[in-house]
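Participant: this one's sequence-less:
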Ligand SMILES: Cc1ncc(COP(=O)(O)O)c(C=O)c1O
C-alpha cells in the first residue's frame, strides 16, 4: 500500500510514468489527452526537448545558489525576458516557487510599500467572492471560495469580498456590459469607503477567473473602471495571473486585453509549464523604489527564491513562447476550440454557458438551461465528469460550487499550446462522451447518495 499522503487518500490514482506531447501515459500504458494542463500548468505539453535540455544543462552547471549569498544567471535572464515583454511601470521580478507563494509575496509587498510610504494605517485587503488565490493562509484569506475557506476560517485574516464579474449569473436582464462594469466598480468603491478610504491597501482579482468559476473573463471595461476606483483611493491593484497569464488567454498577460496595467501581477503555472516549480511577482517601479529608498530590504524570502534550475526552465519556456512561436498559436487555436465547443455543446440542454479566452475555456453545467438551475450538489456531477473523462482517456478540470462555493458545476479546459487540430476533435469528442456518461449516471442516481470517495 502506498505510503504517500495523497490529495484524496480514498481515491486510487493511476501512476503517470511518461509524457509525450499533449499526452500523459500511465503505468498500464493508457494514454490521457491533457486538455487541462493538469490545472492550467502544462502549456507546452509534457516532452518539450528545449526546456528539458535547458534544465539539464543548468543542473550540470549550477543547480542552486542561495539568494542571500548570490544572484544567478538564469534568474537574471528570466527577469530580463519577462520585463522585456511587460508594460511600464512593471520593472522588477521577484521569483518564488509557485502561485500561493507569489500571492503571499504580493500581499506583503503591498503592505510593506505603505509602511515605507508612512501610510501604516493601510491594512485592509479587498478581493472577490468565488476567487482562488492559493492555499497558504494569506492567499486563502484573500480567496473568496466558501468551501475552500470554511474549516480554516478561524485562522484567516479578515478580508472584504465584493462580487466577481460573472456575466452569466451576475449581469441583470437588459443590463449592458458598461452598466454592469460600472455597478461592480461602484460596489468596490463603496466597500473601500466603508472600510475607511485610506485604510485599504489593495484590491486583488484574477484577471480571468480560473478554478472556482471556470474561465470567466471580465466584461469589456470592467478593469478600466476598477483601475479608476483604485487610483482614486490610492489602492494598489494586484492581478493574480497564476492561472490565466503567460499566454493562456492569447496574450502573454491576460490584462493586456483589458487596457490597464496593474501594480503587482502574480504568475506561476504557465511560467514553468510544469517542468519546474516556479512563480513570480511582477512589481511596479514605485513599489520597488519605495522599498529601496526606504528600509532597503523586502522583509520576506524563502530558501528556494530564484532557484537556478527552475529559472533556467522558465527562461526556456519564454523562448518557446516567443521565438518558438507557441504564444502566437494560442488565439487561432483557441478560436478553433471555441468553434468546436459551440458546435458540440452550444444547444446542449445541460450546458448553460460556454465562456473563455485563448486556450482557456469553461462549460457551466445546469439541470435546467432556461432557468440556469444547477444540479443538486449531492449528485457531484463534476466528480462524475472527471471520473468518466479519465476513463475515456481525457484530462479536464471539473469543479463544483461554481455559483457560491456550494452549488453549480463547471468543466475547465486549458490544453497545451502545441495541440494539433485532430487533437481538438479528440478533446471535444471525449469530453462529450464523458459529460453524456456523467449525466446518464446522475439521472439514475437519487440525490443524497454518496458518489465518489
Ligand atoms: C488563480 C490562482 N492563484 C493561485 C493559485 C495557487 O497556486 P499554487 O497551487 O501554485 O500555489 C492557483 C492554483 O490553482 C490559481 O489558480
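Facilitator: Cool, got the structure. This one's a predicted model, so the numbers in the text were calculated from it and none came from an experiment. Numbers count the residues shown, from 1 in each chain.
Participant: need the residues of the stretch 151-300 of the chain near the ligand, please.
Facilitator: Within the stretch 151-300 of the chain, the positions adjacent to the ligand are 206, 210-211, 240, 242-243, 268 by CB under 6 Å from any ligand atom. Backbone N, C-alpha and C define where each C-beta goes, glycine included.
Participant: can you map out the helices along the stretch 201-350 of the chain?
Facilitator: Here the stretch 201-350 of the chain has its helices, by DSSP state H, counting those that start in this stretch, at 222-232, 269-272, 285-293, 308-321, 326-345.
Participant: before we move on, the earlier item: quick check: ChimeraX command selecting the buried ones in the residues of the stretch 151-300 of the chain next to the ligand.
Facilitator: Burial among these is assessed by 16 or more other CB atoms under 10 Å; the matching ChimeraX selection reads:
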select :206,210,211,240,242,243,268
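Participant: residue ranges with poor pLDDT in this protein?
Facilitator: For the chain, the stretches with pLDDT under 70 are 446-453.
Participant: Could you pull up the residues touching the most centrally placed residue in it?
Facilitator: Nearest to the centroid of the C-alpha atoms of the chain, with distances taken as CA atoms, centre = their mean, sits residue 243, at 2.2 Å. In this structure, residue 243 makes contact with 39-40, 99, 206, 208, 210-211, 269, 360, 414, judged by CB atoms under 8 Å, 6 or more residues apart in numbering.
Participant: Can you tell me which of the residues of the stretch 151-300 of the chain next to the ligand end up in strands?
Facilitator: 206, 240 (DSSP state E).
Participant: What is the burial count for the closest residue to the ligand within the chain?
Facilitator: Nearest to the ligand, among the residues of the chain, is residue 99, at 2.2 Å (CB to the nearest ligand atom). For residue 99, the neighbour count with other CB atoms under 10 Å is 29.
Participant: isn't it right next to residue 242, touching?
Facilitator: Yes. The criterion here is CB atoms under 8 Å, and residue 99 meets it with residue 242 at 3.6 Å.
Participant: which residues are in contact with both of these two?
Facilitator: Residues within reach of residue 99 and of residue 242 at once, by CB under 8 Å, 6+ apart, are 133-134, 266, 268-269, 279.
Participant: Same list, these, but as TSV with distance to residue 295 please.
Facilitator: TSV is the format used below for these (distance: CB to CB, whole Å):
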residue	distance to residue 295
133	26
134	26
266	23
268	27
269	32
279	24
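Participant: Can you pick out the most distant pair from those residues?
Facilitator: The distance between the two most remote of the shared contacts of residue 99 and residue 242 (CB to CB) is 12.9 Å, for 133 and 269.
Participant: higher neighbour count, the two?
Facilitator: residue 133 (32 against 27).
Participant: quick one: the more buried one from residue 406, how far?
Facilitator: From residue 133 over to residue 406 the distance is 19 Å, taken as CB to CB, to the nearest Å.
Participant: The stretch 51-200 of the chain: strands as residue ranges?
Facilitator: Assigned by DSSP state E, counting those that start in this stretch, the strands in the stretch 51-200 of the chain fall at 90-96, 124-128, 160-162, 200-206.
Participant: Out of the ones you listed, which is the most enclosed?
Facilitator: Stretch with highest mean neighbour count among those: strand 200-206 (a mean of 26; mean count of other CB atoms under 10 Å).
Participant: So which elements touch that strand?
Facilitator: If you count contacts as 3 or more CB pairs under 8 Å, 6 or more residues apart in numbering; DSSP states H and E, strand 200-206 packs onto helix 99-116, strand 124-128, helix 222-232, strand 236-240.
Participant: Return the most buried member of these.
Facilitator: Stretch with highest mean neighbour count among the helices and strands packed on strand 200-206: strand 236-240 (a mean of 27; mean count of other CB under 10 Å).
Participant: just how off-centre is that strand within its chain?
Facilitator: Distance of strand 236-240 from the chain centroid (CA atoms, centre = their mean, to the nearest Å) equals 14 Å.
Participant: Tell me the strands beside it, with direction?
Facilitator: strand 200-206 (parallel), strand 264-267 (parallel) (DSSP bridges).
Participant: what inclination does that strand have with respect to strand 124-128?
Facilitator: Calculated by axes from the mean of the first three to the mean of the last three CA atoms, to 10 degrees, strand 236-240 forms an angle of 40 degrees with strand 124-128.
Participant: is the nearest residue to residue 206 once chain neighbours are set aside in a bridge, and if so with what?
Facilitator: Spatial nearest neighbour of residue 206, excluding adjacent residues (CB to CB, 6 or more residues apart in numbering): residue 240 at 4.7 Å. Taking DSSP bridges as the rule, residue 240 bridges to residue 206, residue 266.
Participant: Please verify my assumption that residue 240 contacts residue 205.
Facilitator: Yes. Here residue 240 reaches residue 205: they are 6.8 Å apart, a contact under CB under 8 Å.
Participant: so what sits against both of these two?
Facilitator: Both residue 240 and residue 205 are contacted by residue 131, under the criterion CB under 8 Å, 6+ apart.
Participant: biggest helix in the chain by residues?
Facilitator: helix 421-444 (DSSP state H).
Participant: helices or strands up against it?
Facilitator: Contacts defined by 3+ CB pairs under 8 Å, 6+ apart place helix 421-444 against strand 31-34, helix 326-345, helix 381-392, strand 394-395, strand 409-413.
Participant: Dump these into CSV; add distance to residue 47 and mean neighbour count as well.
Facilitator: As requested, the helices and strands packed on helix 421-444 are exported to CSV (distance: least, CB to CB, whole Å; neighbours: other CB atoms under 10 Å):
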stretch, distance to residue 47, mean neighbour count
strand 31-34, 11, 21
helix 326-345, 14, 18
helix 381-392, 21, 22
strand 394-395, 15, 24
strand 409-413, 21, 28
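Participant: any chance of those in CSV, with distance to the ligand too?
Facilitator: Shown next, in CSV, are the helices and strands packed on helix 421-444 (distance: least, CB to the nearest ligand atom, whole Å):
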stretch, distance to the ligand
strand 31-34, 16
helix 326-345, 18
helix 381-392, 16
strand 394-395, 15
strand 409-413, 10
